[in-house]
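>>> Okay, here's the prediction I keep looking at, along with the sequence it came from:
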Amino acid sequence: MARHVPGALYAPMNKTFNTVVGSLVTDETMPFVLIIDEEHVEEALLDLVRIGYDNIVGFVTPEGLEHYFEAGGACATIEEITFEDVARMKDDENVKVLDARFAREYAEAHVPGAVNASYTRLPDYFEERVPKDKTLLVHCASGARAAAASAFLARNGYEVKYVNDAFAAYAEKYEVEMDKSALAEVA
């Protein structure tokens, strides 16, 4: 979040890699440049090909990316905030809380007034559910899914603040809402 190539998507090389790419990259012909440690390149290539993404044009190591930035290469940032910031900002008319968790998690407890847009479904409905004219405070349960959602939304022109915090901490300190009708639908 602190510094990345403008328009980059966040897809960590862990068990969520295929899910993030498969969910948030809607054009399988798009050329990919990976930012990855060299020892993980082959694994990433195999994972991408297995899910139908085979236009990988190159890779750069994190160190190479740092050299690019040091040489004046274009960079972008996404501000990181905590749930304490969310509690303070959530009622501002220019702000909307976006809950990137799955529907069942949202239904069980969410920040009052938040909109639910699961990170794996963002390309399907972000334009209809997510307000373009507000700063989005994007969160999930721990910050991992919100990081991918924040990068995707920023890439698509949204003003985003990434909530790098645990929702459980918010739920312990602040009021939450429950959506019983949605719970019945997802049950």
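Received, thanks.

>>> show me the contacts for the residue nearest the centre of the chain.
Closest residue to the average C-alpha location of the chain: A149 at 1.9 Å, with Cα atoms, centre = their mean. Shown in contact with A149 (Cβ atoms under 8 Å, 6 or more residues apart in numbering): 98, 100, 117, 119, 122, 138, 140. In short, each C-beta sits where N, CA and C put it, glycine included.

>>> Where does it sit: helix, strand or coil?
Here A149 is recorded as helix under DSSP: H, G, I helix; E, B strand; the rest coil.

>>> Repeat that for A74.
Applying three-state DSSP: A74 is coil.

>>> can you count the residues close to it?
10 (other Cβ atoms under 10 Å).

>>> now swap in the one 10 residues further on and tell me
Other residues near E84 number 13, with proximity taken as other Cβ under 10 Å.

>>> buried sites along whatever helix or strand it lives in?
Per DSSP states H and E: E84 is located in helix 83-89. Within helix 83-89, the residues that count as buried by 16 or more other Cβ atoms under 10 Å are 83, 86.

>>> tell me the pLDDT at the residue of the chain positioned farthest from its centre?
Residue farthest from the centre of the chain, counting by Cα atoms, centre = their mean, is A71 at 27.7 Å. What the model reports for A71 is a pLDDT of 98.

>>> now E127
pLDDT at E127 comes out at 83.

>>> likewise L153?
Confidence score, pLDDT, at L153: 96.

>>> try S181
On the pLDDT scale, S181 gets 68.

>>> when you give positions from now on, start the count at 719
Taking 719 as the first residue, the last one we looked at is S899.

>>> For G782, see how far away E756 is.
For E756, the distance to G782 (Cβ to Cβ, to the nearest Å) stands at 10 Å.

>>> Which helix or which strand is home to the nearest residue to L742 once chain neighbours are set aside?
Among residues not flanking L742 along the chain, F870 sits closest, at 4.8 Å (Cβ to Cβ, 6 or more residues apart in numbering). F870 is located in helix 862-873, with elements delineated by DSSP H and E.
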